[in-house]
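Colleague: Show me the folded form of this:
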Amino acid sequence: MPNVFQTMQSIFKIPELKRRVLYTLTILIVYRIGAHVPTAGVNGQALSAYFQQQQGSLLGLYDMFVGGAFSQATIFALGIMPYISASIILQLFTAVIPYFEKLQKMGEEGRKKITQYTRYFTVFLALVQSYAASTYIQSLPAVEGQAIVPNPGWGFTLLTMLTMTTGTIFIMWLGERISENGIGNGISLIIFINIVARYPTDWLNTFRALRMGSLSYFGLGILAVMMVGIVAAVVLMQQAQRRIPVQYAKRVVGRRVYGGQSTHIPLRLNTAGVIPVIFAQAIIMFPGTIAGLMKGNIVMEQIAAMLQPGTPVHTILYVVIIVFFAYFYTAIIFNPVDLADNMKKYGGFVPGKRPGKKTAEYIDSVLTRITLPGALFLAFIAVLPQFLQSGLNAPFYFGGTGLLIIVGVALDTLQQIESHLLMRHYDGFMKKGKLRGRRR
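Modeller: Numbers count the residues shown, from 1 in each chain. The predicted structure is shown next:
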């Protein structure tokens, strides 16, 4: 613990790091303020009451990622999700469309082009999603005699599209400002703060459950111990790597000798990150969402009943989809053939494996083996909330996508802070050395 407090003190002793941290906190505060500014023409209380019934649907999942802004129809109702969707789609394009694959290999210029295309695509998706959101909100029935949209029509639709699309563009700009001038990945931190924003409500629900007797202090203690253990396991799996040794042969260029060093390729057990769980949740919640919109359709209602959280069909199908997308997304973002070719180009090889095709096959086989435990762990975290709520009567949602995102973003941000601290100590040491040399 003393080391933690010393590190926190060091953050505010370094002017540049202090400025970055305060800048990041300021941007996040601005974002959270904007998340409470309502869109014109919407009865926020009636809409929020309607969404209380949609927690297990796809819309409830979307609302979690935007920090409850969608259920209140604020100017940030779409959140950063159009940008996330655009980034994932462009990433898939780099694997199947030669033009985008070429851009990815062009270095910094290619990445700038892809970023520009991602922004344009974000605006397009925001326009489409805002139109769908405005149409959906207008179609909702009145709640307790209160109309959700008192004055529906094209005027409301156009105003909502303009407001929500502008809000998404502003959020995208805020995220880029954090990445450039703050600390951590701005887009990830915005999703992080949206999920954390729900924690005060969870704490209140826990206190209410203790007071009403639906949750005992002993049960809360068991939950607390399990939560600490699960978080530690998530951290371990997020950091876990399989390191493949790589040796670089010596090369003589002119009078200089290059290479001759040993390094390694870090293959993560969870290469795909949280994407498989997001895809799986979207797919498995889709029938329930459609059934909610198609009242009276017996077939859709039966399918939705079979896929209710906690049923055997839901659990088995959920796990299978997560494992499938873990392999699918890993195959898209990681290309062993390109890695082996680049190693061969610079004189690198895996000891005991021939450069080129054999090396690519070896890396692919290792990646295939280590992806399975990573995918199964993702599935375990994804179905964990169901068992906590049904088995231990937990009054809050713990696990799933939210936990994976929070741990991943927290680790990434802490690593960036650590690198700034190490850099500062290194610079200070060099400055002292120069001063001593001058005195001598």
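Colleague: As a check, name the ranges of all strands in the stretch 301-440 of the chain.
Modeller: Counting by DSSP state E, counting those that start in this stretch, the stretch 301-440 of the chain forms strands over residues 348-349, given from the N-terminal end onward.
Colleague: where are the low-confidence patches of it?
Modeller: For the stretch 301-440 of the chain, the stretches flagged by pLDDT under 70 are 424-440.
Colleague: Which parts of it are helices?
Modeller: All helices of the stretch 301-440 of the chain, identified by DSSP state H, counting those that start in this stretch, fall at 312-333, 336-345, 357-391, 400-439.
Colleague: Can you check which of those gets nearest to I84?
Modeller: helix 400-439 (11.0 Å; Cβ to Cβ). Glycine gets a C-beta too; all of them are placed from N, C-alpha and C.
Colleague: Contacts only, for the nearest residue to L215 once chain neighbours are set aside.
Modeller: Ranked by Cβ to Cβ, 6 or more residues apart in numbering and with sequence neighbours excluded, the top spatial neighbour of L215 is A209, at 3.9 Å. Contacts for A209 were tallied using Cβ atoms under 8 Å, 6 or more residues apart in numbering; they are 215, 393, 395.
Colleague: Any idea how many residues pack against the residue nearest to G347 when sequence neighbours are not counted?
Modeller: Taking Cβ to Cβ, 6+ apart as the measure, G347 lies nearest to A249, with 4.4 Å between them; neighbours along the chain are not counted. Other residues near A249 number 13, with proximity taken as other Cβ atoms under 10 Å.
Colleague: A249 touches K344, doesn't it?
Modeller: No. Applying Cβ atoms under 8 Å as the test, A249 and K344 come out as separate, 10.6 Å apart.
Colleague: Isn't I11 up against K18?
Modeller: Yes. Between I11 and K18 a contact is recorded at 6.5 Å, counting by Cβ under 8 Å.
Colleague: can you list contacts of stretch 330-340?
Modeller: Identification of contacts with stretch 330-340 by Cβ under 8 Å, 6+ apart yields 91-92, 95, 265, 271-272, 355-357, 359-361, 363-364, 367, 371.
Colleague: quick one, what contacts the nearest residue to M161 once chain neighbours are set aside?
Modeller: In space, and not counting its chain neighbours, M161 is closest to S130: 4.3 Å by Cβ to Cβ, 6+ apart. For S130, the set of contacting residues under the criterion of Cβ under 8 Å, 6+ apart consists of 78, 160-161, 163-165, 168.
Colleague: Pick the one among the residues you listed closest to M64.
Modeller: The shortest distance between M64 and any of the contacts of S130, using Cβ to Cβ, involves L78 and amounts to 13.7 Å.
Colleague: Is the closest one in a helix, a strand, or coil?
Modeller: L78 falls in the coil class when you classify it by DSSP: H, G, I helix; E, B strand; the rest coil.
Colleague: State the number of residues packed around it.
Modeller: The local packing count at L78 equals 25, with neighbours defined by other Cβ under 10 Å.
Colleague: In contact with it, which residues?
Modeller: When the contact criterion is Cβ under 8 Å, 6+ apart, the partners of L78 are 66, 70, 126, 129-130, 133, 164-165, 167-168.
Colleague: For it, grab phi and psi.
Modeller: L78 has phi and psi values of phi -80, psi -20 when expressed as degrees, to the nearest 10.
Colleague: any idea how far D63 is from it?
Modeller: 11 Å (Cβ to Cβ, to the nearest Å).
Colleague: Give me the common contacts of these two.
Modeller: Counting by Cβ under 8 Å, 6+ apart, the residues touching both L78 and D63 are F70.
Colleague: At which residues are the helices of the stretch 51-200 of the chain located?
Modeller: Secondary structure of the stretch 51-200 of the chain (DSSP H, counting those that start in this stretch): helices at 58-65, 81-96, 98-104, 108-139, 154-181, 186-196, 199-212.
Colleague: Can you tell me the closest non-neighbouring residue to N270?
Modeller: G374 (4.1 Å).
Colleague: cool, and M106?
Modeller: Take M106 and drop its neighbours on the chain: the residue closest to it by Cβ to Cβ, 6+ apart is K113, 7.7 Å away.
Colleague: cool, and N43?
Modeller: Counting by Cβ to Cβ, 6+ apart, the nearest residue to N43 once its immediate chain neighbours are dropped is I148, at 5.3 Å.
Colleague: Now for the one you found, how many residues are close by?
Modeller: I148 is surrounded by 23 other residues when neighbours are defined as other Cβ under 10 Å.
Colleague: list the contacts for it?
Modeller: I148 sits next to 42-43, 46-47, 50, 137-138, 140, 142 when contact means Cβ under 8 Å, 6+ apart.
Colleague: Can you say which of the residues you listed are buried?
Modeller: Among the contacts of I148, those classed as buried by 16 or more other Cβ atoms under 10 Å are 42-43, 46-47, 50, 137-138.
Colleague: Filter the contacts of A209 down to just the buried residues.
Modeller: Using 16+ other Cβ under 10 Å as the threshold, 215, 395 are the buried ones among the contacts of A209.
Colleague: picking that back up, among the contacts of L78, which one sits closest to V313?
Modeller: For those, the closest approach to V313 (Cβ to Cβ) belongs to F70, at 28.1 Å.
Colleague: Can I get the helices of the stretch 301-440 of the chain in a markdown table including mean neighbour count and distance to V299?
Modeller: A markdown table is the format used below for these (neighbours: other Cβ atoms under 10 Å; distance: least, Cβ to Cβ, whole Å):
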| stretch | mean neighbour count | distance to V299 |
| --- | --- | --- |
| helix 312-333 | 17 | 15 |
| helix 336-345 | 16 | 44 |
| helix 357-391 | 18 | 25 |
| helix 400-439 | 14 | 28 |
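Colleague: Turn the ones you listed into TSV, including distance to L204.
Modeller: As requested, these are arranged in TSV below (distance: least, Cβ to Cβ, whole Å):
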stretch	distance to L204
helix 312-333	29
helix 336-345	49
helix 357-391	17
helix 400-439	17
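Colleague: which one of the ones you listed lies closest to F192?
Modeller: Using Cβ to Cβ and comparing the helices of the stretch 301-440 of the chain, the one that lies nearest F192 is helix 400-439, at 4.2 Å.
Colleague: Counting neighbours, which bits of whichever strand or helix holds I230 end up buried?
Modeller: When secondary structure is defined using DSSP states H and E, the element that contains I230 is helix 217-239. For helix 217-239, burial by neighbour count (16+ other Cβ under 10 Å) applies to 220, 223, 227, 230, 234, 237-238.
Colleague: That one versus helix 199-212: what angle between them?
Modeller: 150 degrees (axes from the mean of the first three to the mean of the last three Cα atoms, to 10 degrees).
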